[in-house]
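1. have a look at this prediction, sequence included:
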Amino acid sequence: MIKTFIDRLLGAGGGRKPRFGKRQEIGPQEHNIDPSLVDERALNVVHTLKEAGYEAYIVGGAVRDLLLGLRPKDFDVATNATPEQVKSLFRRAFIIGRRFRIVHVVYGRGREHEVIEVSTFRAYMDNAAAEAVAGNEKTSKSELAGMKHAVDASGRVLRDNVWGPQEEDATRRDFTINAMYYDPETRTLVDYHGGMKDAGRKLLRMIGDPATRYREDPVRIIRAVRFAAKLSALGFKLETKTGAAVKPSLGLLADVPQSRLFDEMLKLLQTGHSVATIEQLKSLGLSTGIYPLLDLIVERADQPFVRAALQDTDRRVAEDKPVAPSFLLACVLWSDVRDGWAARLAQKQHPFPALQDAIDDVFNARIGDVSGRGKLGADMREIWMMQPRFEKRTGNTPFSLVEQPRFRAGFDFMRLRADAGEIDVVLADWWQEFSQASDQVREDLVAQVREEQHKGQRRVRVVRPQDKAGAAERPATAGEVLAEPGRARSQQPADEGADAEEGAATDAPRKRRRRRRKPGGGAGAVGDGAATGEG
């Protein structure tokens, strides 16, 4: 009791050692983790490190998911080997990051590649022991270059690369359920802060004082929302103190780089729980204040079109299918693009330049330079620019459009517009059939559209015999173009000639035009609602 009183009297500045927790080793009979849920590549990384004489454990969210009987999507490994030592043990390993140096061990190539993230045990460093800088990552870049542990004036950690023992590494992690270590070879679970007990109680609890931990890294606020949304279906809730400190700490996010906030926003929306995330943000009073574009998404989440896009993204993640942020953001910002486009059309601007100008305005107003001028912005632009092309179903347009690399994303976008009542569902059904049909059926579908379009046209004027001689010496009128399809084809672009041919007044049998198609242009062009934008 006397020791406790002295500790309280001295406080944090009196040299009291932080509480690193008590190491508990839990066997397989108690934790019941199914070893078959562990990825073979993660097993290989752990085995390689241990064989070289280092400690190595699966750590973080993967252990949490294993404990809950879920198959983790990503595996992280923690070790006492330095990044350089880890890199030397693997053929394809890359050291990344400045603020937090880690190693990516890469298996496979292309879409099938898998990354195992390996981090070195980090020492617990009190802010008083860290080097302080007046600015941030950008303004103090040269000053930070030689520092291993540094904080800014608010206490936010700018560098965290001091290696230490496992017990300190566990203490500097955020939530108790993310601070457990699992050795897949001995099947031993190591727990320092009651993470297994909290998992049983379905509790998200911050290690240490929540307000202090949010101040060290304000992005933990967003992580708290993400974990609460992800685990809400299993009955998890934020521990009272952990949740209560979230909103008062919201202002700390103002000092976080916009690019990092943008990335964290995408994580919130692309982990398969975007709808639950929106609800969690509202319940915590965080509908606004994290990131302007996220504020807009929360505001528009109840609109049928945006809601359908969020649900479709969650469905694809649940089915282990790829998703792309460009598709979801294109859905969220479509109403801005559509309204700007309509306003320009009302001013008699040409449709396609008007659409391009509307898109530029939306990028400038909503996304800025964070990512709007990169690949994400280019993909969004292509999805939007494809929409008016779906209206044209004659000539060569359908055949060329279905071969575009981004066709599936553009079609999915158009399908959601139809489901929301913005356009006729018949149009979406036609493109669904066309994209999955053979070349012969595609020809028939286009011919059917041409016939339907010409049913309502005016009667063709037949050139009288006495006018034929004069007709050869003067330009053809619109009626003559329709009456003489052979001549029309020589004077008009291919698409217009094909349309005119349908109304031709001739007794000769119509010759079907054949198109040479690239291999693979037939059935299966549209997948299962691919909101990925993958070609």
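-> Okay, I see it.

2. ok now stretch 85-104, how far from the chain's centre?
-> 25 Å (C-alpha atoms, centre = their mean, to the nearest Å).

3. okay, buried residues for that stretch please.
-> Q85, V86, K87, L89, F90, A93, R101, I102, V103, H104 (16 or more other C-beta atoms under 10 Å). (C-beta placed from N, C-alpha, C; glycine too.)

4. likewise for stretch 42-50?
-> A42, L43, V45, V46, T48, L49, K50.

5. repeat that for stretch 193-213.
-> In stretch 193-213, counting by 16+ other C-beta under 10 Å, buried: 193-196, 198-199, 203-207, 210-211, 213.

6. and stretch 280-298, by the same measure?
-> 280-281, 284, 286, 289-298.

7. G395 in helix, strand or coil?
-> coil (DSSP: H, G, I helix; E, B strand; the rest coil).

8. where does it fall, phi/psi-wise?
-> Main-chain dihedrals, G395, degrees, to the nearest 10: phi 70, psi -150.

9. give me the number of residues near it?
-> By other C-beta atoms under 10 Å, 18 other residues sit near G395.

10. repeat that for the one 3 residues further on.
-> Here the neighbour count serves as a burial measure; for P398 (other C-beta under 10 Å) it reads 21.

11. beyond the helix or strand encompassing it, next helix or strand please.
-> Assessed by DSSP states H and E, P398 sits inside helix 397-401. The helix or strand immediately downstream of helix 397-401 is helix 407-419, counting by DSSP H and E.

12. off-centre distance for that next one?
-> Distance, centroid of helix 407-419 to centroid of chain: 17 Å (C-alpha atoms, centre = their mean).

13. helices or strands up against that helix?
-> Counting contacts by 3 or more C-beta pairs under 8 Å, 6 or more residues apart in numbering; DSSP states H and E, helix 407-419 is packed against helix 304-318, helix 325-346, helix 375-386, helix 425-436.

14. let's have those helices in TSV, adding mean pLDDT.
-> Formatted as TSV, these follow (pLDDT from 0 to 100):
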stretch	mean pLDDT
helix 304-318	93
helix 325-346	95
helix 375-386	92
helix 425-436	94
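
15. D379: which of the buried residues of stretch 280-298 is nearest?
-> Closest approach between the buried residues of stretch 280-298 and D379, by C-beta to C-beta: L293, at 15.9 Å.

16. pLDDT weak spots in the stretch 51-200 of the chain?
-> 110-112, 125-161 (pLDDT under 70).

17. which residues sit in contact with the residue most central in space within the chain?
-> The centroid of the chain falls nearest to P325 when counting by C-alpha atoms, centre = their mean (3.5 Å). By C-beta atoms under 8 Å, 6 or more residues apart in numbering, P325 lies in contact with L266, L269, Q270, L376.

18. and what of S232?
-> Neighbours of S232 in contact, by C-beta under 8 Å, 6+ apart: H273, A276, Q280.

19. 7 Å - rerun?
-> A276, Q280 (C-beta atoms under 7 Å, 6 or more residues apart in numbering).

20. again with the one 4 residues further on
-> Each residue near F236 by C-beta under 7 Å, 6+ apart is listed here: K202, L204, A228.

21. can you check V190 too?
-> Contacts of V190 by C-beta under 7 Å, 6+ apart are R23, E25, Y57, M180, Y181.

22. am I right that the last one sits in a helix?
-> Same thing as Y181. No: Y181 is assigned strand when assessed by three-state DSSP, not a helix.

23. can you tell me how far G421 is from L345?
-> Look at G421 and L345: by C-beta to C-beta, to the nearest Å, they are 20 Å apart.

24. neighbour count winner among these two?
-> Between G421 and L345, counting by other C-beta under 10 Å, L345 is the more crowded of the two (14 against 10).

25. ok, back up a step: and the contacts of V190, which two are the farthest apart?
-> Greatest spatial distance in the contacts of V190: R23 and Y57, 12.4 Å, computed using C-beta to C-beta.

26. of these two, who's got more company?
-> Y57 (26 against 12).

27. next, that one: secondary structure please.
-> strand.

28. report the beta-bridge partners for it.
-> When assigned by DSSP bridges, Y57 has beta-bridge partners A78.

29. A123 - nearest residue in space that isn't next to it in sequence?
-> Closest residue to A123 apart from its sequence neighbours, by C-beta to C-beta, 6 or more residues apart in numbering: G164 at 2.7 Å.

30. next, the one you found: phi, psi?
-> Torsion angles, degrees, to the nearest 10, at G164: phi -160, psi -170.

31. that one: neighbouring residues, count only.
-> Count around G164 with other C-beta under 10 Å applied: 17.

32. isn't it up against T82?
-> No: judged on C-beta atoms under 7 Å, G164 makes no contact with T82 at a distance of 11.8 Å.

33. just to revisit the earlier point, most neighbours of all the contacts of P325, which one?
-> That'd be L269 among the contacts of P325, by other C-beta under 10 Å, with 24 neighbours.

34. which element, helix or strand, includes that one?
-> Secondary structure (DSSP H and E) places L269 in helix 258-270.

35. now do the buried residues in that helix.
-> Applying 16+ other C-beta under 10 Å to helix 258-270 flags R260, L261, F262, E264, M265, L266, L268, L269, Q270 as buried.

36. what sits up against stretch 105-115?
-> So stretch 105-115 is in contact with R41, V45, F90, R92, A93, H104, I116, V118, going by C-beta under 7 Å, 6+ apart.

37. just the ones in helices from those residues, please.
-> R41, V45 (DSSP state H).

38. with distance to V256 added, can I get the contacts of stretch 105-115 in TSV?
-> Converted to TSV, the contacts of stretch 105-115 look like this (distance: C-beta to C-beta, whole Å):
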residue	distance to V256
R41	32
V45	31
F90	32
R92	31
A93	29
H104	23
I116	27
V118	25
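
39. next step: the contacts of stretch 105-115 restricted to strands.
-> A93, H104, I116, V118 (DSSP state E).

40. gap between the last one and Q85?
-> Here the distance between V118 and Q85 works out to 10 Å (C-beta to C-beta).

41. again, but for the first one
-> Computed with C-beta to C-beta, the distance linking A93 and Q85 is 11 Å.

42. please apply the same query to the third one.
-> Summarising the geometry, the distance separating I116 from Q85, computed by C-beta to C-beta, is 16 Å.

43. now swap in the second one and tell me
-> From H104 across to Q85, the span is 15 Å (C-beta to C-beta).

44. and if you look at K202?
-> Taken as C-beta to C-beta, the span from K202 to Q85 is 38 Å.

45. now R122
-> R122 is 15 Å from Q85, by C-beta to C-beta.
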